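Novice: Coordinates for the following, if possible.
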Amino acid sequence: MPLSLRDRLTMLMPPSVFYRQRIAQEARTGEPELAVLAELVPRGGIAVDVGANVGFFAYALADIADHVLAFEPNPDYAFFARWMLRGRAEVHQLALSDVSGRGTLYVPLSDRGMILHLAGSLKQTHSQFRNIKATTSKSARSTSSAWWTCVSSRLTLRAASARCSTAHE
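Specialist: Coordinates of the predicted model:
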């Protein structure tokens, strides 16, 4: 699932311009928690963006947390996020799961052949797929004194021992 020409051209713009525009758009059209993220997530610590896509949550979390870990199994979006976040977050091309090993990321296609990357899942739940090989890793878990903040789509969780998985399953 190679990046579109638009996505490749976007990589030439300053990340702050792209992310500020994208965060404002997403806050209005489908991710309203972005507008109040600073109220939802405590300052400092480690923030984890599971299913990071192009990294707009990771970018926003970098203004709040001391360190941001972003996990995105789609290799093209992981590459995009790694390039655009440039040190604001540590991007890992991994799917998080309760089982270690290799798996297939199923990315559905619409009836018109449009890639529905936001509906990607490690479970085969749609009738039409493009398959992307993804590596899964055991769940992120905190050490005894650390706290994890897991943010993935509509999930915000703070717990001493958090189990994170992709939000699109």
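Novice: Which SSE is immediately downstream of the helix or strand harbouring Y77?
Specialist: Y77 belongs to helix 75-85 when assigned by DSSP states H and E. Downstream of helix 75-85, the next assigned helix or strand under DSSP H and E is strand 90-92.
Novice: Helices of the protein, residue ranges please.
Specialist: 5-10, 15-29, 37-40, 56-61, 75-85 (DSSP state H).
Novice: Enumerate the beta-bridge partners assigned to L105.
Specialist: I132 (DSSP bridges).
Novice: Same question for H92.
Specialist: With DSSP bridges as the rule, H92 is bridged to F71.
Novice: still on that earlier bit, buried residues of the helix holding Y77, list them for me.
Specialist: Under the neighbour-count criterion of 16 or more other CB atoms under 10 Å, helix 75-85 has 75-82, 84-85 buried. Where you see a C-beta, it was placed from the backbone N, CA and C, and this is true even at glycine.
Novice: what's the average pLDDT for it?
Specialist: With pLDDT averaged residue by residue, helix 75-85 scores 93.
Novice: Tell me which residues are up against it.
Specialist: Contacts with helix 75-85, where a contact means CB atoms under 8 Å, 6 or more residues apart in numbering, come from 1-3, 7, 10-11, 15, 18-19, 52-55, 58-59, 62, 70, 72, 89, 91-93, 117, 132.
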